[in-house]
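Trainee: Need coordinates for the below:
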Amino acid sequence: MPSSAFINDAGHWRERANEMRALAADVNDRSAQATMLQIADDYDKLAKRADERAAASEAAKGAVSDEAAIGDDPEGRGDPYVGSAK
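Mentor: The predicted structure is shown next:
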């Protein structure tokens, strides 16, 4: 998968977060460990944003499908403007 495709891959970001936490567990320097855990939290935020984008995209696709179905209604029952001048 091209690296640019990872931006929308929530699983990728969750995996990176888990990897960072595993690495942080082996670090003795508390400052470095805190930084690594903050990075893991940031990866989790990226995963959440990817999930939100995916949900919004699915909702938009559903809305377009609903509009197409209404527009295809030959009786105009779903949309009072179908078949009439607006």
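
Trainee: pLDDT on stretch 51-63, on average?
Mentor: The average pLDDT within stretch 51-63 is 86.

Trainee: what's in contact with it?
Mentor: 8, 10 (C-beta atoms under 8 Å, 6 or more residues apart in numbering). Glycine gets a C-beta too; all of them are placed from N, C-alpha and C.

Trainee: send the alpha carbons of it over as CSV?
Mentor: Output in CSV follows, covering the C-alpha atoms of stretch 51-63 (Å, rounded to 0.1, in the frame of the first residue of the first chain):
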residue,chain,number,x,y,z
ASP,A,51,-12.5,6.3,11.5
GLU,A,52,-14.5,9.6,11.5
ARG,A,53,-13.5,10.3,7.9
ALA,A,54,-14.6,6.8,6.9
ALA,A,55,-17.9,7.2,8.7
ALA,A,56,-18.5,10.6,7.1
SER,A,57,-17.7,9.1,3.7
GLU,A,58,-20.1,6.3,4.2
ALA,A,59,-22.8,8.6,5.4
ALA,A,60,-22.3,10.8,2.3
LYS,A,61,-22.5,7.8,0.0
GLY,A,62,-25.7,6.8,1.7
ALA,A,63,-27.2,10.3,1.3
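
Trainee: Now tell me what touches the helix or strand that contains residue 15 from outside.
Mentor: According to DSSP states H and E, residue 15 maps onto helix 10-25. Here helix 10-25 makes contact (C-beta under 8 Å, 6+ apart) with 6, 33, 36-37, 39-41, 43-44, 46-48, 50-51, 54.

Trainee: Just the buried subset of the residues you listed, please.
Mentor: 33, 36-37, 39-40, 43-44, 46-47, 50 (16 or more other C-beta atoms under 10 Å).

Trainee: Narrow the residues you listed to those in helices?
Mentor: Using DSSP state H to define helices, the subset of the buried ones among the contacts of helix 10-25 located there is 33, 36-37, 39-40, 43-44, 46-47, 50.

Trainee: Now do the lowest-mean-pLDDT helix or strand in the chain against helix 10-25: the angle between them, please.
Mentor: When the helices and strands of the chain are scored by mean pLDDT, DSSP states H and E, helix 30-71 comes last with a mean of 86. Between helix 30-71 and helix 10-25, the angle comes out at 170 degrees (axes from the mean of the first three to the mean of the last three C-alpha atoms, to 10 degrees).
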